[in-house]
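> what's the 3D shape of this:
(3 chains)
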Amino acid sequence: MATTVAESKLTDQPQPGQMLRGIALLAPPVVWMLVFYLIPLVILLVYAFWSVDYLTVVRELTLENFKTIVTNDLYPRVILRTIAIAAIVTSIDIALAFPIAYFLARKVTKHRELLLMLVIFPLWSSYLVRAFAWRTILGTNGILNSFLQWAHITDQPLTFLLFSKEAMVLTFSQVWLPFMILPLYTVLDQLPKSLLEAAADLGGNGWQTFRRVVLPLALPGVVAGSLSVFSLTMGDYITPTLIGGPGDQLIGKIIADNFGTANNWPLGAALVFPLLLVIFTMLVVANRFGALGRSSV
Amino acid sequence: MSTPTAIAKPPRDWSAWALGFASLLIYAFLYLPIIVVVLYSFSATKVNAWPIQGYTLDWYRELRGDTEIRNAIGLSVRLGLVAALSSLVLGTLGALALDRYRFPFKPGIRFLIVLPITLPGIVTGIALLAFFSLTDRPLAQWTIQLFGLSFPIPLIVAHITFSITLVLSTVAARLFQLPSSLGEASADLGATPWRTFRRVTLPLIFPAMLSGAILAFTLSFDEVVVSLFLKGRDNTLPLLIWGRLRLGLSPEINAAATVITAVSLVGIVTSTVLLGRTFRSGGPGNE
Amino acid sequence: MQSDHTIDPFRTVSVDELTQLDPAEVWSQYRSGRISRRDLTKFFGAIGLAAMGSKLLGGQALAATELNAIVWEGYTAEAFAKKWEDANDAKINSTFMASSDDAFAQLQAGGGSNFDLVTASNDLTQRLVDAKLVQEIDTSKLSNFPDLVEQFQKPPYIYFDDKLYGANFAWGPTVLLYNTETITTAPTSWNALLDEQYSGRIATWNAPIQIAQYALLLDPRPDDIYVLDDDQLAGVKDLLVKQRPLIRAYWNFGGELAELYVNGEIDISDAWPYATLQAQEGGATVAEVWPEEGVTGWSDSWMITSGAQNVDLCYSWIDFMLGPDGQMGVLEGNKYAITNQKVIDSLPEDLRASLYMDNIAEWYDKILMWKNVPNMDKWLQVWQEATAS
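Down below sits the predicted model:
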């Protein structure tokens, strides 16, 4: 079924005026992005080829910044750590979002909109406030440790619960989870019921139906959600700073401090390049799963 | 099939229960920190400590007289609404164009349009700071006054920019699912493209548009990193909190978060009860 | 389509003039039927385009009685600022800085004219002067200036080439703080923050300027801990790398540090006195030590930007902040030490002592006040390599 849907898309024939109409539709968002994103980004990236001398930017072409990034293991290390953490958070959020999105989309009939909104609105109480709430929960004498000791599950406070990679992953997973649930819900909501029934009638059990039918069709939603979660994690430096362990900084902080503390815009700008590479790879992959629209051009 | 039963047929009964239970746990996970935030808004001590030493309503009293927080909440709501509405239009247009039409440089455009959310917020913030710095007008003066309310342009631009991507990717995912034969059938029946869009496509993608816009509002309302670099004279709520952290997170901030949560909860419950089927559509899923 | 009495601002009027129209007025014209709906739509469409460089933008529209300041949170708190606002029929708008560098970036982006005032810490002051973003202060316009403690009248971090660029109004040392219940003998050296017996119970401030504090431990000790050569930086890095496994958390905000003590996460750290007071208020048993190597210190000054639009009002505000109301406001709201001797004399003994205002001359001698670090990019790299690699 999935393949026939895809095939029918491939048979789209260009019609007269089609391209014009497409361009007219596309112009407003693309012009916006060109003016307010691409141009600023290019301006920023140009800095990468300059250097800085105390307060002035020296506008002479140099590759020194890139050499620094490659030769100092600080940067590759932090970038790899960032990618790993973002990937873990994304996987956890996929695993958590699926049951709830599927439940809301396919099993619930009453008050479904309400239940869905209840997923999102925890996000309306400030992120910073929630980060501090996690500290209270996960701390050495925090809520979770008190509970574990009260229930005699542990007899010593577990210190790794806070200021660790685990704590950081947990907080990220909670903070970005709605960004996975929503896109997933929208695609699952629209799965043809007849399809699921057909799969069941053909003797497929729940798991088979899920794996063979639901999962492939829900993939664009998963990819859209993953794109958000992965990127939001990769760019954040507040959770690593407040919740992460000593040494668990992510690339966002490294970049931010170069722009801020060191006033070293050139190095900060150069650090954006490896990220562009990562994102580009990710998008190429995402593209194949149709998260950004039909892949047939 | 417009009124499916609450729980599907007996053979699959267990899965509904299991999923329901799992969902309950996930709700608990999402709400755990919120409960803590609410609890600490009543805490008598200024420094958050567990267990809570005593309870007071002082922080709510302090909040009531705090015009700074009120102004900041106002700005954040304005910003979120402007970003959500603008990106709803721009993002949907982009998704439709990318999904339905062919034109040159499509992969490049696709890449460009998702970049703002895929690159760390800090990059967006700094890039726009560099951009606005090209003009002589200082950042703090890029604020429009309309009807007595301030609208800081750099923040609005930044928030719309990352919001477009959120709406676009959500809507695109939905469009990808739809058989294009639907539109063709409509066209074959003689419908104009506009009519096809309004009668066929729009109802089908409306839930996705809505969830994209809600996500956009949410992200904007809570955004710190991009905004830090682009703020003008006025503080958004997250920026105000960030500034106040220097002296420690006062329970007053918890009280503010609690009030926002309570107000939005009431708003959500009433609006969904009143409007009902916002997220449902007469798509093929319900046939 | 245009009837005679319909105004048509869109074809005949330049964009600049257009934007002088008040949207509210256009709206009321529309309501009264004087302009068509189509024109209304166009008008609001035009606003979007005209926004670029238009007069709708704040700037010139600012009232002469408004000040815009970029400040550390708490320095313009309503609790005391209201008094000045009422007395002068003026208003102070504040943007909070996230860090000294954030303030620098903001001011530099605006060429010193986007704000009238800035509260600069002493790691920032010289940069602002070097970048010509702030102007000289005329002390004759500050009636409270002569009451300032001598050390804070013309301190080196705001006094360059015989010119004063700021009014120093708050300060504090970075001291060693420890839990007296778990650490029974008071530590005497910064080495305690590298002591393995406190492993997992140590915190230190997450800021590259702290390199200066750890440079105090180098042997031989650098002449100037804010000007380090490559070897000395490498030496500090070794210390920091050795320290990292012992660290429970790098703290970022003073309030956060207090929370760490109150919740029993840590036993020893560097700290600011206001965090000590907060921790004690929260029930933590902590005490401060001034290590034998000396301590670093911060100090905040009001500076007037080079592009300030209402300089007289700036002086009025600064004078207020150096006087009793402003000084008490900063002290009560933030628990920072203040600089006006007369106000200090009026304080209760124990408060004066707890913030080291009892004998400033003596304490001041032991503080190595922050100053500009010219090669901060290198410092940052060292700090990041040691704490994040």
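> How about the closest residue to chain A within the stretch 51-200 of chain C, nearest residue that isn't a chain neighbour?
Scanning the stretch 51-200 of chain C for the residue nearest chain A gives C:D101, at 4.0 Å (criterion: Cβ to the nearest Cβ). C-beta coordinates here come from the backbone N, C-alpha and C atoms, glycine included. With sequence-adjacent residues excluded and distances taken as Cβ to Cβ, 6 or more residues apart in numbering or on different chains, C:D101 is closest to A:G260, at 4.0 Å.
> I'd say that neighbour and C:S99 touch.
Yes - A:G260 lies in contact with C:S99 (Cβ atoms under 8 Å); the separation is 5.8 Å.
> All the helices of chain B, residue numbers only.
Using DSSP state H, the helices of chain B run over residues B:13-40, B:58-64, B:67-100, B:106-118, B:121-133, B:153-177, B:181-188, B:193-196, B:202-221, B:225-230, B:237-244, B:251-275.
> Please tabulate the ones you listed in a markdown table and include distance to chain A as additional columns.
What follows is the helices of chain B, written out as a markdown table (distance: least, Cβ to the nearest Cβ, whole Å):
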| stretch | distance to chain A |
| --- | --- |
| helix B:13-40 | 4 |
| helix B:58-64 | 13 |
| helix B:67-100 | 4 |
| helix B:106-118 | 4 |
| helix B:121-133 | 4 |
| helix B:153-177 | 4 |
| helix B:181-188 | 6 |
| helix B:193-196 | 7 |
| helix B:202-221 | 4 |
| helix B:225-230 | 7 |
| helix B:237-244 | 5 |
| helix B:251-275 | 4 |
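> Please identify the most buried of those.
helix B:153-177 (a mean of 28; mean count of other Cβ atoms under 10 Å in any protein chain shown).
> Hmm, C:S306 is touching C:G110, no?
No - if you go by Cβ under 8 Å, C:S306 and C:G110 don't touch, sitting 10.3 Å apart.
> of those two, who's got more company?
C:G110 (23 against 17; other Cβ atoms under 10 Å in any protein chain shown).
> separation between the more buried one and chain B?
Distance check for C:G110 against chain B: by Cβ to the nearest Cβ, to the nearest Å, it reads 3 Å.
> got a pLDDT number for that residue?
Per-residue pLDDT puts C:G110 at 72.
> Residue numbers of chain C in contact with chain A?
C:98-99, C:101-102, C:104-105, C:127, C:130-131, C:200, C:206-208, C:244, C:247-250, C:252, C:256, C:259, C:263-265, C:374, C:376-377, C:379-381, C:384-385, C:387-389 (Cβ under 8 Å from any Cβ of the partner chain).
> Looking at these, which are in helices?
Filtering the residues of chain C next to chain A for helices - DSSP H - leaves C:101-102, C:104-105, C:127, C:130, C:256, C:259, C:376-377, C:379-381, C:384-385, C:387-388.
> need the longest strand for chain C.
strand C:167-179 (DSSP state E).
> Mind giving me the packing neighbours of that one?
Judged by 3 or more Cβ pairs under 8 Å, 6 or more residues apart in numbering or on different chains; DSSP states H and E, strand C:167-179 is in contact with helix C:254-262, strand C:268-271, helix C:273-281, strand C:286-289, strand C:295-304, helix C:311-322, helix C:324-334, strand C:337-338.
> Where does the prediction get shaky in the chain?
Went with chain A since none was named. Flagging of chain A using pLDDT under 70 yields the residue ranges A:1-16, A:200, A:203-204, A:289-297.
> Wait, chain C was what I had in mind.
Across chain C (using pLDDT under 70), the flagged ranges come out as C:1-64.
> got the residues of the stretch 101-250 of chain A near chain C?
A:135-136, A:139-142, A:159, A:162-163, A:241-242, A:245-249.
> now do 7 Å
Contact residues, the stretch 101-250 of chain A versus chain C (Cβ under 7 Å from any Cβ of the partner chain): A:139-141, A:159, A:163, A:241, A:246-247, A:249.
> and the spatially most central residue of chain C, what does it touch?
Of all residues in chain C, the one closest to the mean position by Cα atoms, centre = their mean is C:W72, 3.6 Å from it. Residues in contact with C:W72 (Cβ atoms under 7 Å, 6 or more residues apart in numbering or on different chains) are B:246, C:97, C:119, C:300.
> Of these, keep whichever come out buried.
Buried members of the contacts of C:W72, counted by 16 or more other Cβ atoms under 10 Å in any protein chain shown: B:246, C:97, C:119, C:300.
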